[in-house]
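Engineer: Model the structure of this input:
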Amino acid sequence: EPIVRTLQGALLSGRIGHAYLFSGPRGTGKTTVARLFAKVLNCQNPKPKTYNLEPDLIEPCNVCYSCREINDNKSLDLIEIDAASNRGIDEIRNLKDSAQVAATSSNYKVFIIDEVHMLTPAAFNALLKTLEEPPPHVIFVLATTEPHKLLETILSRVQRFDFKKISSDQIIKK
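Structural biologist: Numbers count the residues shown, from 1 in each chain. Predicted structure coming up:
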């Protein structure tokens, strides 16, 4: 919940960072939150949501073109990369080239790089160059279970969120 509230605050204030790091154990919702964040960022009609008596939260409409494209895994503006199997410099160069092109039908082009700690050293350096000077229409969400394997220079250019497993009581409450 604290992570969701922080991201919601960024959305409501319009102060969106260009790069985020979601770290934590497997199954804690890193990729799911990244996808939802991308969906709300690009939703054409975000709507208010009452959550724990906080009416100032927003959620995607799930009706607009952008939401439908993301729901159907067809969005050209949400690119998910599994760094465990696409870990080389060529993949990051392709990402860099793709980042230079504006979003096709959305506000932002969002790159989710899952298991980012698996990138090769050369790929990390190529990613670093893109993180240093990102195009204004691009947002990166890096997800990892092992943040200690990331370069300090990468860590210094992202907003970090540490996910934790929730308790059984919290699951029951939800």
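Engineer: can you tell me which residue is nearest the centre of this protein?
Structural biologist: residue 141 (3.2 Å; C-alpha atoms, centre = their mean).
Engineer: Let me know the helix or strand that that residue is in.
Structural biologist: Element membership for residue 141 (DSSP states H and E) is strand 138-144.
Engineer: any low-confidence regions in the chain?
Structural biologist: Applying pLDDT under 70 to the chain flags residues 49-56.
Engineer: Please enumerate the strands of it.
Structural biologist: Counting by DSSP state E, residue ranges of the strands within the chain are 19-23, 47-51, 54-59, 78-82, 109-114, 138-144, 159-162.
Engineer: how about residue 46, what does it touch?
Structural biologist: Residue 46 sits next to 11, 40, 58, 59, 60, 61 when contact means C-beta atoms under 8 Å, 6 or more residues apart in numbering. Quick note: C-beta positions are derived from backbone N, CA and C, even for glycine.
Engineer: out of the strands of the chain, which comes closest to residue 94?
Structural biologist: strand 78-82 (9.2 Å; C-beta to C-beta).
Engineer: Compute the inter-axis angle for the closest one and strand 109-114.
Structural biologist: Counting by axes from the mean of the first three to the mean of the last three C-alpha atoms, to 10 degrees, strand 78-82 lies at 20 degrees to strand 109-114.
Engineer: returning to what we had before: list the residues that contact the nearest residue to the residue nearest to the centre of the chain once chain neighbours are set aside.
Structural biologist: Leaving aside its chain neighbours, residue 141 sits nearest to residue 34 (4.1 Å; criterion: C-beta to C-beta, 6 or more residues apart in numbering). Residue 34 is in contact with 20, 22, 110, 112, 141, 143, counting by C-beta under 8 Å, 6+ apart.
Engineer: do the same with residue 27
Structural biologist: For residue 27, the contacting residues are residue 165, by C-beta under 8 Å, 6+ apart.
Engineer: repeat that for 10 Å
Structural biologist: The contact partners of residue 27, by C-beta atoms under 10 Å, 6 or more residues apart in numbering, come to 145, 163, 165.
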